[in-house]
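Chemist: Below is the structure, and that's it, no one-letter string:
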């Protein structure tokens, strides 16, 4: 998570741990396998696209089972790609700029992709900050965004129109389209509502 990317905020005491399972377990229920190892922690199982676990011990921990993959195409579940996102962010070295973007969004109650927030996830802020090079440049660029602005940091598509034509309709419902640098057919900003965008 953000600790591995070195983009965590000082007052943020959550720790996301991705437990990698060998690819030979791709057909197994990874959550069931992980639950056995977490019994002594009395972790609560949380339903998700793949169930994960939470517990507190001075810090709040989220333990997420993932497949150990090297390419996004190998993913069986969207969470499997998370370690690849970490590696992508780390190579760009924009840690403090990303921290500023996160702090700004938290202060304005637009941070978080959860359905009750519908804001900017940490992953989206990573991508946007890296794309524009700094927090200040991100703010300046955001003033020029319009409904269906496409941000494609890795330039997977020829143009914004090309991306909008080729992306699945379900991926284009949000006002901001941020092409995931690891999964080019995914809009990382799909959770953002018009209200939070504005």
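Modeler: In hand now; what should we look at? A quick note: this is a predicted structure, and the numbers were derived from the prediction, not measured.

Chemist: alpha carbons only for contacts and neighbour counts from here, please
Modeler: Noted.

Chemist: just checking, residue 61 is part of a strand?
Modeler: Yes - membership of residue 61 in a strand is supported by DSSP: H, G, I helix; E, B strand; the rest coil.

Chemist: ok, for it, nearest residue in space, not its chain neighbours?
Modeler: Distances taken as CA to CA, 6 or more residues apart in numbering put residue 15 closest to residue 61, at 4.8 Å, once the chain neighbours are dropped.

Chemist: do the same with residue 18
Modeler: With CA to CA, 6+ apart, the residue lying closest to residue 18 is residue 64, at 4.8 Å.

Chemist: tell me the SS of that neighbour?
Modeler: strand.

Chemist: What are the boundaries of the helices in the protein?
Modeler: For the chain, applying DSSP state H gives helices covering 2-5, 30-37, 82-92, 95-107, 122-132, 135-142, 160-166, 194-197.

Chemist: Tell me which of these lies nearest to residue 176.
Modeler: helix 194-197 (7.4 Å; CA to CA).

Chemist: Give me the buried positions along the closest one.
Modeler: Buried residues in helix 194-197, counted by 16 or more other CA atoms under 10 Å: 196, 197.

Chemist: sorry, back to before: name all residues that make contact with the residue nearest to residue 18.
Modeler: Residue 64 sits next to 16, 17, 18, 19, 51, 52, 53, 79 when contact means CA atoms under 8 Å, 6 or more residues apart in numbering.

Chemist: what sits against the residue positioned nearest the centre of the chain?
Modeler: With distances taken as CA atoms, centre = their mean, residue 123 lies nearest the centre of the chain, 3.3 Å away. Contact analysis of residue 123 by CA under 8 Å, 6+ apart lists 85, 188.

Chemist: And for the nearest residue to residue 8 once chain neighbours are set aside, the neighbour number?
Modeler: Spatial nearest neighbour of residue 8, excluding adjacent residues (CA to CA, 6+ apart): residue 2 at 4.8 Å. Neighbour count for residue 2, taken as other CA atoms under 10 Å: 19.

Chemist: Equivalent analysis for the one 4 residues further on, please.
Modeler: Counted with other CA under 10 Å, the burial measure for residue 6 works out to 17 neighbours.

Chemist: Does it touch residue 97 like I think?
Modeler: No - counting by CA atoms under 8 Å, residue 97 is not a contact partner of residue 6; they are 11.1 Å apart.

Chemist: still on that earlier bit, how close does the residue nearest to residue 8 get to residue 154?
Modeler: Note on residue 2: its distance to residue 154, by CA to CA, to the nearest Å, is 21 Å.
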